[in-house]
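Engineer: return atomic coordinates for the entry below.
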Amino acid sequence: MQLPECVAANRSIWQADIGAAGVFAPGLTDQDTEHEPMILSLFRKNTATEPVYAVYNSIVAQSRQPHFYAQWQVPDTVTGRFDMICLHLALLFRRLRAESGTQKDFSQAVFDLFFKDMDRSLREMGVGDLGVPKKIQKMGNIFFGLLAALNEAMDRNDSAAAQAVIARNLFEDESGPHIEQLVQYLFAQSRALEAQSAGAITAGDITFEAVA
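Structural biologist: Next up is the predicted model:
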């Protein structure tokens, strides 16, 4: 099955340091190895199955909703679209983090597919073989930095802290009602995913609520 086109070409962003553009990755460097096994698995095996593709496609489709960009001021750039996919992937990880066995492995498989898609996109934009792994590592660090900070805020049900995380990651520390609305959306989606069984999700059936 062909990988979905999850990002549009924008060479100036992808060929620059992917850690730029206001993306917040606290305490992470190129040498950070906390999540290295998960990231390096991308280069060892293909874990994609039909359910993995189905869930990943749903995440990409939800992340493309025009409301995020037109109403909530998420930058309509490659970086902005990457950030939105990361947010929805983080919601999936939150839902499955307490699971074990094959259901826990499912998160890894969706992660693998996402970054294989990023790998493909980088290569199509002309990034050379030597540059791709470094950028993928940096993108993985960005994702896990976002995941850790967002989980901490959401676990405390701390909307203000979650807004601060989103402001740093997506909006270069701007403020405004659009950030509060996006955070309210994330809390609502997290609750909606908790109501869906892990078995259904790992079978490829995931449902996101409408963006309003």
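Engineer: where's the closest residue in space to F208 that isn't next to it in sequence relative to F68, distance?
Structural biologist: In space, and not counting its chain neighbours, F208 is closest to Q62: 4.4 Å by Cβ to Cβ, 6 or more residues apart in numbering. For glycine as for every other residue, the C-beta is placed from the backbone atoms N, C-alpha and C. Per Cβ to Cβ, to the nearest Å, Q62 is found 9 Å from F68.
Engineer: helices of the protein, residue ranges please.
Structural biologist: Per DSSP state H, the chain carries helices over the ranges 11-14, 36-40, 50-63, 66-70, 78-96, 101-124, 131-155, 159-170, 177-194, 198-202.
Engineer: lowest average pLDDT across those helices?
Structural biologist: Per-stretch mean pLDDT for those is lowest at helix 11-14 (a mean of 34).
Engineer: ok so, going back, looking at Q62 and F68, which one has more neighbours?
Structural biologist: More crowded of Q62 and F68, by other Cβ atoms under 10 Å: F68, with 24 against 21.
Engineer: residues in contact with the most centrally placed residue in the chain?
Structural biologist: By Cα atoms, centre = their mean, the mean C-alpha position of the chain lies nearest to C86, the distance being 1.2 Å. Contact analysis of C86 by Cβ atoms under 8 Å, 6 or more residues apart in numbering lists 142-143, 146-147.
Engineer: and the furthest pair within the residues you listed?
Structural biologist: Greatest spacing in the contacts of C86, by Cβ to Cβ: I142 and L147 (9.6 Å).
Engineer: correct me, but Y53 touches L113?
Structural biologist: Yes. Assessed by Cβ atoms under 8 Å, Y53 is found in contact with L113 at 7.0 Å.
Engineer: burial measure for S197, as a count.
Structural biologist: 11.
Engineer: over to the one 5 residues further on?
Structural biologist: Applying other Cβ under 10 Å, we find 24 other residues in the vicinity of T202.
Engineer: and if you look at S159?
Structural biologist: A count of nearby residues for S159, using other Cβ under 10 Å, gives 15.
Engineer: with adjacent residues omitted, what lies nearest to it?
Structural biologist: Closest residue in space to S159, ignoring its immediate chain neighbours: V183 at 5.7 Å, by Cβ to Cβ, 6+ apart.
Engineer: that neighbour: what's it in contact with?
Structural biologist: Listed by Cβ under 8 Å, 6+ apart, the contact partners of V183 are 159, 162-163, 166.
Engineer: quick one: it and E99, what's the gap?
Structural biologist: As for V183, its distance to E99 is 25 Å (criterion: Cβ to Cβ).
Engineer: ok, R123 next?
Structural biologist: 33 Å.
Engineer: please apply the same query to H178.
Structural biologist: Using Cβ to Cβ, H178 is found at 33 Å from E99.
Engineer: repeat that for V110.
Structural biologist: With Cβ to Cβ as the criterion, V110 and E99 are 13 Å apart.
Engineer: on that earlier part again, and Y53 and L113? Which one has more around it.
Structural biologist: For Y53 versus L113, the count of surrounding residues by other Cβ under 10 Å is larger for L113: 24 against 18.
Engineer: what sits closest to A200 if chain neighbours are left out?
Structural biologist: Sequence neighbours aside, I206 is the residue nearest to A200 in space, at 7.7 Å (criterion: Cβ to Cβ, 6+ apart).
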